[in-house]
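J.: below are the sequence and a predicted model; questions follow.
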Amino acid sequence: MGRQLSTPTAILLGSAMIAAAVYLGLRHGPAGVPADPRPAGGAPSPPADAASAAAAPSAGPAARAPGAGAPARPLQAPALGVPRDEVATQAARALEAHRPALIERCYKPAVAAQPAPRGVKYVFNLTFDAQGRQLARGIIEDREASRPEVTACLVDALPPVAVAPPGANVRVDVPFSLP
């Protein structure tokens, strides 16, 4: 009679092989894309040569096709046209514009039901795309000045905010408090 693997042993071995394949596959990334496009110093890649960038639009479709001899451009984020601090300032102004409506809709009903704590403090994590449209928003509550019902209302009542086009995706943290 031959020796066979038990079911738990076979599952364990199969899981280990799948885990190794996933690890090695994720480690190397997709074909043709470098794992880390930054140079060894950790600084962003330098901008592409202006002459090659100017020549690219005039090239015909055959020259732009993959493998047509054109040099591959490194992956890099576009240059940030608006400083991160300016984006945060614009986002704070956009939030402030909604303050009166948020006080009426979210804060006043909560204080009428339960007066303490009087003030609530938040930090909004906002991510904007290159055109200045909101991509993502998170809210961090201050534990000492927290009102879950106000937070839930803010999530529903606050429309997406926008800023001047920064030229690249930007994430900022903006403090906000009510009243």
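T.: Nice, I can see it.
J.: quickly note the distance from residue 10 to residue 4.
T.: The gap separating residue 10 from residue 4 is 9 Å, by CB to CB, to the nearest Å. For every residue, glycine as well, the C-beta is placed using N, CA and C.
J.: the two: which has the busier surroundings?
T.: residue 10 (11 against 8; other CB atoms under 10 Å).
J.: pLDDT value on that one, please?
T.: For residue 10, the pLDDT comes out at 88.
J.: CA atoms only: put the helix or strand that contains it into CSV for me.
T.: Element membership for residue 10 (DSSP states H and E) is helix 7-28. Output of helix 7-28 as CSV, limited to C-alpha atoms (Å, rounded to 0.1, in the frame of the first residue of the first chain):
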residue,chain,number,x,y,z
THR,A,7,-6.0,16.5,3.1
PRO,A,8,-4.7,19.1,5.6
THR,A,9,-1.1,18.5,4.5
ALA,A,10,-2.0,18.9,0.8
ILE,A,11,-3.9,22.1,1.5
LEU,A,12,-0.9,23.4,3.5
LEU,A,13,1.5,22.6,0.7
GLY,A,14,-0.7,24.1,-2.0
SER,A,15,-1.2,27.3,0.0
ALA,A,16,2.5,27.6,0.5
MET,A,17,3.1,27.3,-3.3
ILE,A,18,0.4,29.9,-4.1
ALA,A,19,1.8,32.3,-1.5
ALA,A,20,5.3,32.0,-2.9
ALA,A,21,4.0,32.6,-6.4
VAL,A,22,2.0,35.7,-5.4
TYR,A,23,4.9,37.1,-3.4
LEU,A,24,7.3,36.7,-6.3
GLY,A,25,4.8,38.0,-8.8
LEU,A,26,4.1,41.1,-6.8
ARG,A,27,7.7,41.7,-6.0
HIS,A,28,8.7,41.9,-9.7
